[in-house]
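>>> Structure of the sequence below:
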Amino acid sequence: MLTFTPPVDGRYRVEVADLHGEAGPRYGYCLRALTAQPDYQLSLAADRFTIAPGKPLDVVVAIDRREVSRTTSTSSWQGCRPA
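Okay, here's the model as predicted:
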């Protein structure tokens, strides 16, 4: 999985090739572009808290991490420009 955040609005071109730089109409690839979804959810025990003047308030935040299948890869998208 690669993540890309465009630096500016515009049209971008994606070029796909295999490990050896081979590409063309005789090669088949499947490319999916998805809107990023958070892989965690935050929740609180209550929707309101009473804070006494001059007193600290500890608020416990539960973090529910969703199971997301990921592969490790290193990519650099610096300097990408719209097509």
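
>>> CA only for contacts and neighbour counts going forward, please
Noted.

>>> Give me the residue at the spatial middle of this structure.
residue 36 (4.7 Å; CA atoms, centre = their mean).

>>> Return the distance of that residue relative to residue 19.
26 Å (CA to CA, to the nearest Å).

>>> which stretches of this protein have low pLDDT?
67-83 (pLDDT under 70).

>>> ok, 80 please
Low-confidence segments of the chain (pLDDT under 80): 1-3, 16, 28-38, 66-83.

>>> Where do the strands of it begin and end?
40-44, 61-65 (DSSP state E).

>>> With distance to residue 6 and mean neighbour count added, can I get those strands in TSV?
Shown next, in TSV, are these (distance: least, CA to CA, whole Å; neighbours: other CA atoms under 10 Å):
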stretch	distance to residue 6	mean neighbour count
strand 40-44	23	10
strand 61-65	26	11
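
>>> number of nearby residues for residue 14?
6 (other CA atoms under 10 Å).

>>> Quick check: the gap between it and residue 42.
Where residue 42 is concerned, residue 14 sits at a distance of 34 Å (CA to CA).

>>> contacting residues around residue 5?
Residues in contact with residue 5 (CA atoms under 8 Å, 6 or more residues apart in numbering): none are found.

>>> What ranges does the chain have for its helices?
For the chain, applying DSSP state H gives no helices.

>>> that older thread, for the strands of the chain, give me CSV that also has distance to residue 5.
Shown next, in CSV, are those (distance: least, CA to CA, whole Å):
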stretch, distance to residue 5
strand 40-44, 19
strand 61-65, 22
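
>>> Specify the stretch among the ones you listed that is closest to residue 51.
Comparison of these against residue 51 by CA to CA identifies strand 40-44 as nearest, at 15.5 Å.
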